[in-house]
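Asker: coordinates only, no sequence provided:
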C-alpha cells in the first residue's frame with residue numbers, strides 16, 4: 001500500500017506543479033496535501049520531517065508571491081484596483097472562453113481599468129505590462145517553492161526509505 005500511495009503522491013505533486021503553471025488547480029496546496037497524505041501513510045520521522053520542510057517552503061512561497069509583486073507594482077504606480085479588475089475579468093474569461101479565458105481576461109481587465117484611470121493608451125499599456133510581468137514573477141515564486149518541496153520529497157523517497 002505504501003508504494004501505491006507514494007506513486008499517487010508523486011502524480012498529485014506533478015499535477016500540482018502543472019496547476020501552478022496553468023492556474024486551473026490550486027497547485028501548491030494540492031502538492032502539499034499529497035505530501036501530507038504520504039507522510040501519514042509513511043508513519044515515520046522522515047515523512048513528518050519532509051512534510052514540515054514542504055510546509056515551510058510552500059508556506060513561505062505563498063506569502064512571498066504576494067508581497068514581492070505587490071511592492072513592485074506599487075513602485076510602478078499600478079493601483080490595487082486595476083489588479084482586482086484584472087482578476088475579476090480573468091475569472092469571467094475563465095468561464096466564457098474555456099482554457100485560455102483567464103489569460104485573456106486578466107490583461108484586458110487591467111488595461112481597461114488603467115485606460116479609464118490614465119486616459120492614454122501608452123500609459124495604460126505600460127501599466128498592463130508591469131502587471132503581467134509581476135503576475136509571472138508571482139507564479140515563478142510559487143513554482144520555486146513547490147518544486148523545492150517536491151525535490152525534498154523525492155530525495156526522501158529515493159534515499160531515505
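Answerer: Right, received. Where do you want to start? Predicted model only: the values in this text are computed from it and were never measured. Residues are numbered from 1 along each chain as shown.
Asker: from here on, just use CA atoms for contacts and neighbour counts.
Answerer: Will do.
Asker: packing partners of the helix or strand where residue 139 lies?
Answerer: In this assignment (DSSP states H and E), residue 139 forms part of helix 121-159. Packing partners of helix 121-159 (3 or more CA pairs under 8 Å, 6 or more residues apart in numbering; DSSP states H and E): helix 2-21, helix 27-42, helix 45-76, helix 101-118.
Asker: ok now the second one, how far from the chain's centre?
Answerer: To tie it back to what came earlier, the one meant is helix 27-42. On the basis of CA atoms, centre = their mean, to the nearest Å, helix 27-42 is displaced by 16 Å from the centre of the chain it belongs to.
Asker: out of the helices and strands packed on helix 121-159, which gets nearest to residue 82?
Answerer: With CA to CA as the criterion, residue 82 lies closest to helix 101-118 of the helices and strands packed on helix 121-159, at 5.0 Å.
Asker: buried stuff in the closest one?
Answerer: 101-115 (16 or more other CA atoms under 10 Å).
Asker: how about CSV for the helices and strands packed on helix 121-159, with mean pLDDT added?
Answerer: Shown next, in CSV, are the helices and strands packed on helix 121-159 (pLDDT from 0 to 100):
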stretch, mean pLDDT
helix 2-21, 94
helix 27-42, 97
helix 45-76, 95
helix 101-118, 92
